[in-house]
Structure formats: C-alpha cells, structure tokens
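> got a predicted structure here, sequence first:
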Amino acid sequence: MPSYDEEENCGVISTDAQGRWHNRDCSVALPYICKKRPNATLDPFTTDSWADDRRYQCNVGWQNFQVGCYRLNSDNLDWSSAHKMCQKMEANLVSIHTLPELEFITKHMKKDIEELWIGLHDTAMQMNFEWTDHTPVIFTYWHPFEPNNFRNVNEDCVTIWGPVIYPASELLSRKRWRHSQILADQFWSCYLRNYLPGLQSRQKWQQEKDNLTVGTVVMIADPQFPRALWPIGTVKAVQAGADNKVRAAEIQVKNRTYIRPVVRLIKLLSLPE
C-alpha cells in the first residue's frame, strides 16, 4: 500500500524487492520503459486486450507482449523528461495491468538494471495514482511500506525495483560481488532518504537549538559524492549571524578546510577517547 509521510508522486521497479513498486522524487534520473500499441487499429484501453495472447508485430527496437510493444531506454532521465521522450515515439511510460505483464518487464526487459520509471503517478492529486496513458489502475504491486511521502519530500512518480538477471556464464563469485554492490547501493539510498534527514538540522531560525561549537564532529552532506564518501571532519571555527545563531562553519577534513552552511552539516556523536 502507499505511504503518506512525504510527497513521492512517481513510480519505480527495484532489485531487492522482486519487482515491487516504490514512489520516488520525480526529479531523480533513471532509465525508463515506453509502451505503445502495435498499430492504430488495436485499442489497449479495454480490459479484453490485456488477455489477448496473439503475437503482434512491433517496430524494430521494440519487444512485443500481448497487445503491447515495449522499449527499454537506458538513458537516465527525470520522470517528466522520460514521459516526453516516450510521447515523441507515439508511446507512453509503461502501464502495467496484470502480473504476467509485470513478470515480462522484470525478466525480459529490466534484467540487470536496478530501477526503472513507469507511468504511474499522483501529480494531480496526492495518493490518487493514475497511468500516463489514462488506462484504469486495476493492478498494483506496491512494496509493503509504499507508497509513502517521507518527510514532505515530493515523491509523486513510481518506479519498479525488480530481480537482477545475471548471465548464466558469469562466475558465481562475480554474481555475488555484483549483488553485494547493488544491496550496498540500495542501503545507502535508503539511508539518505529515510534516516539522514532526521540527523540534519532543519528547524526554523526562531526555534531554540544548541549552536554548533568548535570541536564538534560533523559529516558534510554532499549529494555529488558517491556512496559512503561524504567527508567527516571537525568544526574549527563558526560564523554567526546578528542574532548569534551559527549560520556556517569551517570544517577541517584531514589536510583540507571547507566552509559550509549548517544545513549541509550533520552533527555526529563523538566517540570516547
């Protein structure tokens, strides 16, 4: 079922969740799948068409399943840009209406891609999810804790996280290493989304809170850095405003010094010496 803490308005498919759906911030850049009908005489908007087992011819670069033609686009785009790219191909972001269709997408298209945009979204009204092709939402496959709007972050689009398919020729040790990296990346993603915001100070300035002080150990939040490489250092100096509230700090990280606003600094617990 959906979750409601923040605005997550678009949908994704994920690797560790066996094709379960998650709502995500629509500005995240991800691969995506487009879907269209094989020819103009077929109407994909009727429930009868979803049970059609006949094979239809699709254009080069598209895969067919039932009455749909599907195309994986590996370029990373935000949800809105992905939707527009599908429309340029006379298609829409993929809509999913049956479990066999979901299995086809995860097994034959997604394969080793960790996460994909799909056409489900609630950009018009919170928790009122719709498909971009305007077909009815008669089937969903949400992760048990989804959809959610965690900490008032806009997450209005949906992704699929599905099982990773490894080549049969790949050594078992290599498969295990690749899978461990995927799990680590997913843990880091969940850490950034769900736990880290609780450590950051986001209170309004008029609220009383202890200022950062010299000697405090902090982590510098920098989304440009890869997993687990956010710098950790010690506050060497602080910069306060006219109201004596600390607005920025000078951070010593090994042999380098950074000046960052306090909203980018995460106070860490000091370890006993």
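Arrived safely.
> switch to C-alpha atoms for all contacts and neighbour counts from now on
Fine.
> low-confidence ranges in this structure?
In the predicted model, the chain carries pLDDT under 70 at residues 1-18, 39-55, 145, 149-154, 162-209, 223-228, 269-273.
> how does it look with 50?
Applying pLDDT under 50 to the chain picks out residues 1-7, 13-17, 42, 45, 202-206.
> all helices for it, in order.
Taking DSSP state H to define them, one finds helices in the chain at 79-88, 99-105, 172-190, 196-199.
> Gly243 - how many residues pack around it?
Careful, residue 243 is Asp; it's not Gly. Under the neighbour criterion other C-alpha atoms under 10 Å, Asp243 is assigned a count of 8.
> which ones are touching it?
Listed by C-alpha atoms under 8 Å, 6 or more residues apart in numbering, Asp243 has no contact partners.
> which phi and psi does it have?
phi -90, psi 10 (degrees, to the nearest 10).
> quickly note the distance from it to Asn211.
12 Å (C-alpha to C-alpha, to the nearest Å).
> domain ranges for this protein?
Following automatic domain parsing, one gets these domains for the chain: 9-161, 200-273.
> so who does the nearest residue to Cys58 once chain neighbours are set aside touch?
Computed as C-alpha to C-alpha, 6 or more residues apart in numbering, the closest residue to Cys58 that is not its neighbour in sequence is Pro38, at 5.4 Å. Residues counted as contacts of Pro38 (C-alpha under 8 Å, 6+ apart) are Tyr56, Gln57, Cys58, Asn59, Val67, Gly68, Cys69.
> for these, which single residue is the most surrounded?
For those, neighbours were counted using other C-alpha under 10 Å, and Gly68 has the most, 27 neighbours in all.
> and that one, how far from Ala237?
Note on Gly68: its distance to Ala237, by C-alpha to C-alpha, is 61 Å.
> all strands for this protein, in order.
When secondary structure is read from DSSP state E, the chain shows strands at 9-13, 20-24, 30-36, 63-65, 68-77, 92-93, 116-121, 130-131, 156-161, 217-220, 232-240, 246-253, 256-261, 265-267.
> make CSV out of those and add distance to Leu99.
CSV is the format used below for those (distance: least, C-alpha to C-alpha, whole Å):
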stretch, distance to Leu99
strand 9-13, 14
strand 20-24, 11
strand 30-36, 16
strand 63-65, 13
strand 68-77, 15
strand 92-93, 18
strand 116-121, 15
strand 130-131, 16
strand 156-161, 13
strand 217-220, 43
strand 232-240, 46
strand 246-253, 51
strand 256-261, 48
strand 265-267, 43
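> any idea which of these gets closest to Pro100?
Evaluated over the strands of the chain, closeness to Pro100 peaks at strand 63-65, with 9.5 Å, by C-alpha to C-alpha.
> contacts for stretch 92-108?
19, 32-36, 50, 65, 70, 82-83, 86, 117-120, 131-133, 135, 137-140, 162-163, 165.
> how about it as PDB, C-alpha atoms only?
What follows is stretch 92-108 as a C-alpha-only set of coordinates in PDB (Å, rounded to 0.1, in the frame of the first residue of the first chain):
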ATOM      1  CA  ASN A  92       3.700   6.500 -23.000                       C
ATOM      2  CA  LEU A  93       5.600   5.500 -20.000                       C
ATOM      3  CA  VAL A  94       4.700   1.800 -19.400                       C
ATOM      4  CA  SER A  95       1.400   1.000 -17.700                       C
ATOM      5  CA  ILE A  96       1.100  -2.400 -16.000                       C
ATOM      6  CA  HIS A  97      -2.200  -4.200 -15.600                       C
ATOM      7  CA  THR A  98      -1.500  -7.900 -14.900                       C
ATOM      8  CA  LEU A  99       1.100 -10.000 -13.100                       C
ATOM      9  CA  PRO A 100       2.200 -11.700 -16.300                       C
ATOM     10  CA  GLU A 101       2.900  -8.200 -17.800                       C
ATOM     11  CA  LEU A 102       5.000  -7.300 -14.700                       C
ATOM     12  CA  GLU A 103       6.900 -10.600 -15.000                       C
ATOM     13  CA  PHE A 104       7.600  -9.900 -18.700                       C
ATOM     14  CA  ILE A 105       9.000  -6.500 -17.900                       C
ATOM     15  CA  THR A 106      11.200  -7.600 -15.000                       C
ATOM     16  CA  LYS A 107      12.500 -10.800 -16.700                       C
ATOM     17  CA  HIS A 108      12.900  -9.800 -20.300                       C
END
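> before I go, just wanted to say thanks for your time.
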